[in-house]
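1. heads up, no residue letters with this:
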């Protein structure tokens, strides 16, 4: 097992620090890559900070309410080297594609429905407002 430290990422252009509002995980929790682990408020927005690792939360280095400069370590994870590389290859091989398929499927269905409506009517109906055609 390897311990990986995670620093506060640059959460917005020109943002130098953020206030850690809420931890969404605790030591001992299992997390997946891209799972939100904390909410950070900057002068511009409240954002969720996602994990870069699959693993178990080892330690939280910052208390809720603390202001943290970008680049400071906020959390560490216990990561098994074999699992980390397997997780990355699985995400590259199929995990990412499965997400893309599920994201594209609803959009494709919507597009097909609107195309079918256009084909069944021949031409799209012109917009009519108060007796005027645009």
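-> In hand now; what should we look at? Please read these numbers as outputs of a predicted model, since none were measured by experiment.

2. Can you show me the helices along the protein?
-> Chain-ordered helices for the chain, with DSSP state H as the definition, fall at 81-90, 96-121.

3. Now do the same contact list for the closest residue to residue 66 other than its chain neighbours.
-> Once flanking residues are discounted, residue 66 sits nearest to residue 20: 5.4 Å by C-beta to C-beta, 6 or more residues apart in numbering. (Glycine included, C-beta is placed from N, CA and C.) Residues near residue 20 by C-beta atoms under 8 Å, 6 or more residues apart in numbering: 38, 39, 40, 62, 63, 64, 65, 66, 67, 68, 74.

4. one more time with 10 Å, if that's ok
-> By C-beta atoms under 10 Å, 6 or more residues apart in numbering, the contact set of residue 20 is 8, 38-41, 49, 60-68, 74-75.

5. show me the contacts for the closest residue to residue 11 other than its chain neighbours.
-> In space, and not counting its chain neighbours, residue 11 is closest to residue 47: 5.0 Å by C-beta to C-beta, 6+ apart. Counting by C-beta under 10 Å, 6+ apart, residue 47 makes contact with 9, 11, 12, 15, 18, 21, 36, 38, 39, 40, 41.
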